[in-house]
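Peer 1: I need the structure of the sequence given here:
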Amino acid sequence: MANPWTGETELVIDGERHVLKLTLGALAELEERLEEPSLVALVERFEAGRFSSRDVLELVLAGARGAGSDIDRAALMRAEIEGGPVAAARAAAQLIARAFIVPGAAE
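Peer 2: Predicted coordinates for the structure are as follows:
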């Protein structure tokens, strides 16, 4: 079960529940993959609703890796995600929010 107070969220991928978490290393990888100049720019992109399916895929992948999963991009691209693209986008948004939220603050 994911612990939101430690930045975790979860997503069911191919019938298996995965915990996702953005570690510092996962965030650095994410910046590079999405070609963003800063984490603030990435957060602003999501807050403004200007994210793409590629952004969601990369966030889910980074979160899975940050939580210790060995899932790769090719496997994730073929995967069945419970709840579809909407659930994946929700998990991606939660990852960003939880990576930067102060414990006890409203999400």
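
Peer 1: rest of the way, CA atoms for contacts and neighbours
Peer 2: OK.

Peer 1: next up, the contacts around residue 39.
Peer 2: Residue 39 makes contacts with 27, 31, as judged by C-alpha atoms under 8 Å, 6 or more residues apart in numbering.

Peer 1: residue 19 in helix, strand or coil?
Peer 2: For residue 19, the assignment made with DSSP: H, G, I helix; E, B strand; the rest coil gives strand.

Peer 1: my guess is it meets residue 64, correct?
Peer 2: Yes. With contacts counted by C-alpha atoms under 8 Å, residue 19 reaches residue 64, the gap being 6.7 Å.

Peer 1: these two: which has the busier surroundings?
Peer 2: Each of residue 19 and residue 64 has its neighbours counted (other C-alpha atoms under 10 Å); residue 64 has more, 24 against 21.

Peer 1: can you confirm that one is in a strand?
Peer 2: No. Looking at residue 64 with three-state DSSP, it is helix, so not inside a strand.

Peer 1: correct me, but it touches residue 25?
Peer 2: No. Using C-alpha under 8 Å, residue 64 is not in contact with residue 25; the gap is 11.9 Å.

Peer 1: can you tell me the closest non-neighbouring residue to residue 55?
Peer 2: Nearest residue to residue 55, sequence neighbours excluded (C-alpha to C-alpha, 6 or more residues apart in numbering): residue 34, at 6.9 Å.

Peer 1: from residue 50, how far off is residue 16?
Peer 2: Computed with C-alpha to C-alpha, to the nearest Å, the distance linking residue 16 and residue 50 is 29 Å.

Peer 1: for residue 51, see how far away residue 76 is.
Peer 2: 18 Å.
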